[in-house]
Each structure stands twice: as structure tokens, then as C-alpha cells.
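Visitor: what follows is a predicted protein model with its sequence.
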Amino acid sequence: MDFALFLAKKTISTFLSPLGLSLMLWLAGLVLWLRKPGSRPAIVLVAIGGLWVLAMSLPTTAHHVLRPLEVSAGGYAEPAELSRKGVKFIVVLGGDGRVGKLTPADRVAYSSLVRLMEGIRLWKGVPGAKLVLSGGRLSSKAVPVGEAMAVLAKELGVPPDALVLETQSWDTDDEARLLKPVLGETAFALVTSACHVPRSMLIFKARGMRPLPAPADFETTDSPPAGWLAWLPREDSLARSAKGVHEYLGIAAVRVKEFLRARNPLRTATVRRGTGVWATADRSSFTLLPLDPQQRGRTT
């Protein structure tokens with residue numbers, strides 16, 4: 001993926017997040033106030049921004065934003081069912097990662113840790129399957145998320161010859177592009193956070209792949225928050241609301257892209273970055289194996 005496009009996507013997503021949208025409203029109100037002190041539109045904009053971020057910080061709001069995404073992801077995948085469908089790859093999409101002098105478990109943080117644990121659970125129940133760990137890095141100081149997950153997986157008993165790594169991706173679309181040459185059209189389990197499953201499934205299916213949902217990292221339950229605590233603003237609730245909004249925006253973007261692609265099916269896009277690599281893990285290092293040269297640098 002071209003870095004400019006990646007940066008543009010991240011910037012738009014940030015400004016359309018609950019906090020980002022509120023900040024824009026506050027900034028617009030401030031500009032109007034400075035130009036015309038006492039301006040009623042300025043007061044209205046600031047008030048709307050405050051009410052918006054307050055509403056998105058409520059546990060009950062966060063629940064209703066995230067819950068439909070997690071419900072559509074379905075329940076936990078079962079190894080026996082995956083085996084029956086001929087699955088030979090358990091694909092774990094990377095999420096959060098941390099930098100510094102950390103243990104393998106500490107470096108694979110938050111969503112990545114839960115996804116990895118679910119991936120290992122499924123891998124153990126599917127004889128002969130490969131555990132595919134995917135995720136790059138955005139900072140030269142960081143370890144690629146896929147590699148960090150592999151280190152922890154080995155410490156937890158997964159043999160090196162069962163691990164396959166993708167370490168060049170920046171986002172989910174990148175992961176699908178880089179994994180396509182190896183996974184092809186074979187069925188595989190797609191392990192990611194439950195709220196991320198609907199968008200991920202759309203992205204992988206759009207490339208002609210056959211993902212089977214394997215959600216993890218559920219953050220909601222069947223019962224919404226109850227009592228007065230459901231109406232008290234919380235920082236973690238704002239983060240959950242933001243996560244949900246991000247996924248809905250991503251789903252909308254995928255559908256728009258597919259609509260445009262259907263209108264112009266012969267168009268291809270050149271990708272200036274992305275000589276995607278696979279890595280087979282051994283006990284001490286990772287040997288990088290390049291993809292077929294014909295697969296490099298292009299996507300459809």
C-alpha cells in the first residue's frame with residue numbers, strides 16, 4: 001500500500017472518530033467566536049461537540065455501537081467444524097503491539113494477545129494445520145506484530161515448522177493482499193477481534209478468498225449495561241465507541257470500493273510498497289522467503 005494513501009485513510013478515520021469530530025466542532029466554534037465574540041452558532045457548535053463526546057463516553061452507547069458488529073461475527077469457531085471443512089490454515093490478524101524491553105507476552109498486547117490465544121486454541125484442534133501470524137509495523141523501532149506473536153507462540157509450545165509469518169502489512173487490506181498468493185481460494189479460519197470480523201470478512205472475500213469467521217476478543221454481552229453506572233461517562237467506553245465507529249466507516253469504505261470496482265472491473269492499482277514476504281520460524285531467527293515475483297507490487 002502506498003504510504004500517502006495509508007496516511008490519508010488514518011487521518012480521515014481519526015477526524016471522523018467521536019473525539020476527532022468533537023474536536024473539529026470545538027475548533028470551528030472557537031474560530032467563529034474569535035471572529036465574532038458572543039456568536040450563537042459558535043456556542044451551538046461547542047455544545048454539540050461536548051454532548052457528542054459525552055454521549056459516546058456512556059457505557060450504554062458503547063454497548064449499542066459495538067454489539068451489532070459482534071453479533072454479526074457469530075460465535076466462537078470450533079476446531080472439529082474447521083477440520084470437517086478442510087481448513088489447513090489458522091490465520092491470526094495482528095492488532096496491538098508494544099515496544100521496549102518487554103517479555104514476549106507483554107510485547108503482544110491487548111487485542112493481539114487475545115487473538116493469538118484463540119488462534120493457538122484452534123490450531124491445537126485442527127491436525128496438520130499451519131498457524132499463520134500476520135502483522136507488520138509502523139515504526140522502525142517496533143518488532144513486526146506477526147513476528148512478536150510468533151515468539152510468544154513458540155514459548156507456548158507451537159513448533160517452529162507450524163508457524164508461517166507475514167510481517168509487511170500496515171492494515172487489514174494489506175494483510176489480505178499479501179496473504180492471497182499463499183492462501184489462494186482454500187478455506188481458512190480468520191481469527192480477529194469480534195468487532196473486526198465483519199470488515200475483515202468483506203475485505204478477504206473481495207479478493208476471492210474463502211475466510212471462515214473465528215471471532216475472539218468479545219467486548220459486549222447479550223445484556224446491555226444496567227443501572228445508573230450505565231449512564232456515567234467512562235474513558236474505556238469512549239474507546240469502545242470509537243472502535244465501533246472505525247469499523248462502520250471501514251465497512252462503508254469497503255462497500256464503496258467494491259461498487260467502484262464493479263463499475264470499472266478492468267482497472268488495477270499499482271502498489272509501490274509491498275514485496276510481501278513469508279517467514280518460516282526456527283528456534284532462533286526467522287528466514288524470509290520472498291513471494292512469487294509476479295505477485296509483488298500489484299493488486300487488483
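Guide: Great, that's in hand.

Visitor: end to end on stretch 204-212, go ahead and measure it.
Guide: Using CA to CA, to the nearest Å, the end-to-end distance of stretch 204-212 comes to 10 Å.

Visitor: mean confidence score for that stretch?
Guide: Mean per-residue pLDDT for stretch 204-212: 96.

Visitor: residues contacting that stretch, please?
Guide: Applying CB atoms under 8 Å, 6 or more residues apart in numbering, the external contacts of stretch 204-212 come out as 77, 82, 85, 87, 91, 176-177, 179-180, 183-190, 200-201, 254, 257-258, 261. In short, each C-beta sits where N, CA and C put it, glycine included.

Visitor: buried residues in that stretch, which are they?
Guide: Residues Phe204, Ala206, Arg207, Met209, Pro211, Leu212 are the ones in stretch 204-212 that count as buried (16 or more other CB atoms under 10 Å).

Visitor: tell me the helices in this structure, going along the chain?
Guide: Ranges of helices in the chain, per DSSP state H, are 3-15, 18-35, 40-56, 59-73, 79-84, 104-107, 110-125, 145-155, 172-183, 197-206, 235-263.

Visitor: packed most tightly, which of the ones you listed would that be?
Guide: Greatest average neighbour count among these goes to helix 145-155 (a mean of 24), per mean count of other CB atoms under 10 Å.

Visitor: in terms of secondary structure, what does that one contact?
Guide: Applying 3 or more CB pairs under 8 Å, 6 or more residues apart in numbering; DSSP states H and E, we find helix 145-155 packed against helix 104-107, helix 110-125, strand 130-134, strand 163-166, strand 277-281.

Visitor: export the ones you listed as CSV, with columns for mean pLDDT.
Guide: Output for the helices and strands packed on helix 145-155, formatted as CSV (pLDDT from 0 to 100):
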stretch, mean pLDDT
helix 104-107, 90
helix 110-125, 96
strand 130-134, 97
strand 163-166, 96
strand 277-281, 51
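
Visitor: which regions of this protein sit below the pLDDT cut-off?
Guide: 1-3, 265-300 (pLDDT under 70).

Visitor: hmm, 90 instead?
Guide: 1-16, 96-101, 109-110, 137-142, 182, 221-224, 257-300 (pLDDT under 90).

Visitor: closest to Pro144 out of the helices and strands packed on helix 145-155?
Guide: When these are ranked by distance to Pro144, counting by CB to CB, first place goes to strand 163-166 at 8.0 Å.

Visitor: before we move on, the earlier item: nearest to Glu70, out of the helices and strands packed on helix 145-155?
Guide: Nearest to Glu70, of these and by CB to CB, is helix 110-125 at 13.2 Å.

Visitor: which neighbouring elements make contact with that closest one?
Guide: So helix 110-125, by 3+ CB pairs under 8 Å, 6+ apart, packs with helix 79-84, strand 89-93, strand 130-134, helix 145-155, strand 187-193, strand 210-216.

Visitor: so how far is the longest one off the chain centroid?
Guide: When C-alpha coordinates are averaged (CA atoms, centre = their mean, to the nearest Å), helix 145-155 and its chain have centres 18 Å apart.

Visitor: Serialize the helices of the chain to a markdown table and add fields for distance to Asp161.
Guide: Converted to a markdown table, the helices of the chain look like this (distance: least, CB to CB, whole Å):
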| stretch | distance to Asp161 |
| --- | --- |
| helix 3-15 | 33 |
| helix 18-35 | 45 |
| helix 40-56 | 46 |
| helix 59-73 | 31 |
| helix 79-84 | 19 |
| helix 104-107 | 19 |
| helix 110-125 | 13 |
| helix 145-155 | 11 |
| helix 172-183 | 16 |
| helix 197-206 | 25 |
| helix 235-263 | 35 |
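
Visitor: now the helices and strands packed on helix 145-155 as CSV including distance to His196?
Guide: What follows is those, written out as CSV (distance: least, CB to CB, whole Å):
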stretch, distance to His196
helix 104-107, 20
helix 110-125, 8
strand 130-134, 13
strand 163-166, 17
strand 277-281, 23
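
Visitor: between the ones you listed, which gets nearest to Ala47?
Guide: helix 110-125 (34.0 Å).

Visitor: in PDB, list the C-alpha atoms belonging to that closest one.
Guide: Coordinates of each C-alpha in helix 110-125 appear next as PDB, following Å, rounded to 0.1, in the frame of the first residue of the first chain:
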ATOM      1  CA  TYR A 110      -4.300  -6.300  24.200                       C
ATOM      2  CA  SER A 111      -6.200  -7.500  21.100                       C
ATOM      3  CA  SER A 112      -3.200  -9.200  19.500                       C
ATOM      4  CA  LEU A 113      -2.700 -11.300  22.600                       C
ATOM      5  CA  VAL A 114      -6.300 -12.500  22.800                       C
ATOM      6  CA  ARG A 115      -6.400 -13.200  19.000                       C
ATOM      7  CA  LEU A 116      -3.200 -15.200  19.300                       C
ATOM      8  CA  MET A 117      -4.500 -17.300  22.200                       C
ATOM      9  CA  GLU A 118      -7.700 -18.100  20.200                       C
ATOM     10  CA  GLY A 119      -5.600 -19.000  17.200                       C
ATOM     11  CA  ILE A 120      -3.500 -21.400  19.200                       C
ATOM     12  CA  ARG A 121      -6.600 -23.000  20.600                       C
ATOM     13  CA  LEU A 122      -8.000 -23.600  17.200                       C
ATOM     14  CA  TRP A 123      -4.600 -24.800  15.800                       C
ATOM     15  CA  LYS A 124      -4.300 -27.400  18.500                       C
ATOM     16  CA  GLY A 125      -7.600 -28.900  17.500                       C
END
